[in-house]
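Asker: sequence plus the predicted model coming up.
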Amino acid sequence: MGPPSSLVEGGRRPLSYPCGRLRAMDFTIGPAGPEEYDPLGEITAQAYLRDGLLDFGESDAYLGELRDVAKRAATAEVLVAVADGRVLGGVTFVPAGGPMADIARAGEAEIRMLAVAHAARGRGVGEALVRACVDRARTVEGCARVVLSSQRAMRSAHRIYERLGFLRTPDRDWNPLPDLDDITLVTYQFTL
């Protein structure tokens, strides 16, 4: 099966959503099904743990949130990348605010919890998931921007965002745990 037919700048081919799963290189991206929730939750938790992004390791309260894909899917859209029946990674797309939004304002969609299995890194999975969110945002009526928060240490993700045209928005940086000064999240936005 060939890549999607429409082109964007630089000759890159966008993924389309929500019309089912589409092929991107050697994997497909589409809405997560219930059978994919547990594998994606574990990939997300392990990505944060192995990359040293949780302050308290296995005892970090946020770890439960990372593993609870069913909860995310009940209030937002969860996309997964799959190859040969294996979940490679996923992302949560929050259209037009909602309970999963951290920083989205009116006219903005938000990307949350982008994670790729360690064994699948370097294959373009993270970039394809972010592109799928941008493509999805273009279908949301009144959506003008896509926003996201990221930890300072997530440099690989930052390179993806910047390569795709996301811009840093330091005026929106924020701290989810005000009692801990060193937890400030950096923010990005992409104007549609």
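Answerer: Good, I have the coordinates. Numbering: from 1, shown residues only.
Asker: how many other residues sit next to T28?
Answerer: With neighbours defined by other Cβ atoms under 10 Å, the count for T28 comes to 18. Glycine gets a C-beta too; all of them are placed from N, C-alpha and C.
Asker: against which helices or strands is the helix or strand harbouring it packed?
Answerer: Here T28 is covered by strand 27-31, with elements defined by DSSP states H and E. Packing contacts for strand 27-31, counted by 3 or more Cβ pairs under 8 Å, 6 or more residues apart in numbering; DSSP states H and E, involve strand 22-24, strand 77-83, helix 125-137.
Asker: ok, now with 6 Å
Answerer: The contact analysis (3 or more Cβ pairs under 6 Å, 6 or more residues apart in numbering; DSSP states H and E) places strand 27-31 against strand 77-83.
Asker: what lines up beside the helix or strand following the strand it packs on in the sheet?
Answerer: Downstream of strand 77-83, the next assigned helix or strand under DSSP H and E is strand 86-94. With DSSP bridges as the test, strand 86-94 is paired with strand 77-83 (antiparallel), strand 108-116 (antiparallel).
Asker: report the mean confidence score over strand 86-94.
Answerer: Average pLDDT, strand 86-94: 98.
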